[in-house]
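1. whatever this is, show me its structure:
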Amino acid sequence: MKTGDIQLLHETAVGILLFCTIVLSAGFIYYCLRNQEKRGAIPLAVLFLGSGLWALADFIHVVLVETGGDPMAGGGLPIRILGIEIAAIGMLFLGLGYTGREHLISPRTLGILSIKPAITLGLSVSPYRDLLYNTTPADVPLGYELLPTPLFLLHLAYSYGLVVIGLGLVTHTMLRSRYGYQRQQFALFFAILTPLVFSLSFQFGILPFDVAPISFTISGLLLLFAVFRLQLMDAIPVARMRVLDEMEDIVVVLDEDKNILAVNSAAAEIFGSEADLLGKPATAIFDEKLIGNFETGQSEWLTIDGEKRLLNVNASHITDYRENVLAHVLVCRDITGQRQKERKLQEREKELQLLKDIQSNFLQHNLRDELQMVRENAEVLADEDEPQSTERYETLVEKTEQILEWSTKAQTIENLVETEQTSAYKIDEELAAIVERKRGEFPAVRFELGLDAGVEIRTVPQITQALENVVDNAARYNTADTSVVRISTDCCGDRVEVQIADNGPGIDPVEVEAILSGKETDLQHGSGFGLWLVYWVVEKSNGELVFDTGADGTTISLEFERALEQPTDTGHSTA
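-> Numbers count the residues shown, from 1 in each chain. Okay, here's the model as predicted:
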């Protein structure tokens, strides 16, 4: 075969390959523009716009125009330079988009990256293009023979730099990925790597001519497979990784042997860095029972930052086409607050039911008895022509006041059920005021005070009614020959204890047991209803209520949280 025929055959083959690259690039651009809402569509469109222009320039050089060594013939070289610049930007954009940095692909970024191509293209078509390159007649069927200048070498370094950055981003993703999407990553990696290798091979003299634009045919086929077979633009793995890292829920991935394969940022903040956790057994974090039997919706108590937290653990499994387990994904949500709310709601419902039972039983028995006595006295008075007994009138007044008092206490308890806020109260002032009132009401009772001055407690607003009820009971039902009521406070750290003691007969143990157990009972005298008021005030104040009943009297201890910013040196008052 003659040399001319061989040259023609070479040019024909090269022209066909270049034409295929142009068609493939145009098809990709069309598809990407039709689906530009998909992730990675714009970077792919930019990449194939560049490769298409690059291939078009060489197609012009090989097939359409007899250049005679003139690089400007048919506009081939400027188009080639523009294509190379755009392809390099496309490869950078593809790396950014694939690694979840699509926010960097913006008109502003494109404008900045377009400055250098505009300068290069301007120089290539200007009379000063010798600053960029010199040309010689081409002896090869593809590309242009250029004698590079220092400025041209900078141009090459810049373009290769963009490609290397894009390739490096994809490589970093490949190294970090430990599950799923491996074929997708390899396809993208080699699609960027192939033109880079061929171009560098030409620049270093390994290949006699530049086949980089033809190599885009290989890249196009790889990307076709990645887009339509591997859903490259539908599920980019690093995007999912970023979603996991930004999730508030804890995510832990285990391999088939239940060793830690990966964790998200939320898990790393609690359990340690990913590097420290990788390869460790899952029992380093979770209970062995949970790991031994994965079930959706399990609960696990963990100590986080020194505080016990309840996690809801949902497990899912990644399998291959044979249903072999490849990995376990555990998503853990902190439900401590939710569980506390549920318990609080249950306690609220329990309190409401208890209140209902107390009001029902108490009012049904005690109120009925008192009203019966009121009716009997009223009937006797009604039968007398001239009522002589003031005692019966006094009984009517007494029982009526008792009923009103019960009604007030019942309303106070009902309000307590709805109370959530606590405030600071000066306990010494509250108790001193209560005792002052009770001294006038019970002159035969001796009140003894031992109060820490200026001490504040944190409690609900109904504290005054509760304290007054305890003091009133201690004085009212005290049948000792010399009735004494002792009231004192004792500060210990962040707690304050109020003690109210009497030397009377004591409270019925049945009532005390009912209150401390939180179960209603048939209350037999008026103090019982008031003690429920005391119980709920202490309960709502996160305090503690203790009864000490003996032969020599009763001591009721009410413990509260001490309010902040208390004086360190408090006086002690007595009366």
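2. CA atoms for contacts and neighbours, from now on please.
-> Fine.
3. show me what contacts the spatially closest residue to residue 311 that is not a sequence neighbour?
-> Leaving out its chain neighbours, the residue that sits closest to residue 311 by Cα to Cα, 6 or more residues apart in numbering is residue 334, at 4.5 Å. Residues near residue 334 by Cα atoms under 8 Å, 6 or more residues apart in numbering: 249, 309-312.
4. mind listing the strands for the stretch 101-250 of the chain?
-> Secondary structure of the stretch 101-250 of the chain, counting by DSSP state E, counting those that start in this stretch: strands at 133-135, 146-148, 250-255.
5. same question but for the stretch 351-500 of the chain, I mixed them up
-> Assigned by DSSP E, counting those that start in this stretch, the stretch 351-500 of the chain shows strands spanning 423-426, 446-452, 456-459, 484-492, 495-502.
6. kindly export the first one (C-alpha atoms) in CSV.
-> Backbone C-alpha positions of strand 423-426 (Å, rounded to 0.1, in the frame of the first residue of the first chain) are rendered in CSV as follows:
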residue,chain,number,x,y,z
SER,A,423,-40.4,30.8,91.9
ALA,A,424,-38.1,31.9,94.8
TYR,A,425,-39.8,32.4,98.2
LYS,A,426,-38.3,33.7,101.4
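7. run me through the strand neighbours of that strand, direction for each.
-> Using DSSP bridges, strand 423-426 pairs in its sheet with strand 456-459 (antiparallel).
8. so what touches the partner strand?
-> For strand 456-459, contacts defined as Cα under 8 Å, 6+ apart pick out 422-427, 496, 537-538, 540-542, 560-563, 566.
9. can you tell me the average pLDDT over that strand?
-> Averaged across strand 456-459, pLDDT comes to 91.
10. what do you get for stretch 543-560?
-> On average, stretch 543-560 scores 88.
11. nearest to residue 157, of the contacts of residue 334?
-> residue 249 (44.2 Å; Cα to Cα).
12. quick one: classify the closest residue to that closest one other than its chain neighbours as helix, strand or coil.
-> Nearest non-adjacent residue to residue 249, counting by Cα to Cα, 6+ apart: residue 333, 5.1 Å away. Of the three states, residue 333 takes strand under DSSP: H, G, I helix; E, B strand; the rest coil.
13. residues touching residue 333, list them.
-> Contacts of residue 333 (Cα under 8 Å, 6+ apart): 249-250, 311-313.
14. one more time with 10 Å
-> 248-251, 297, 299, 310-314 (Cα atoms under 10 Å, 6 or more residues apart in numbering).
15. just the buried members of those residues?
-> Burial by neighbour count, 16 or more other Cα atoms under 10 Å: within the contacts of residue 333 this picks out 249-251, 299, 310-314.
16. how about TSV for those residues, with pLDDT added?
-> Formatted as TSV, those follow (pLDDT from 0 to 100):
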residue	pLDDT
249	81
250	81
251	85
299	66
310	76
311	79
312	78
313	79
314	80
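17. any idea how the protein splits into domains?
-> 3-237, 247-334, 353-418, 421-575 (automatic domain parsing).
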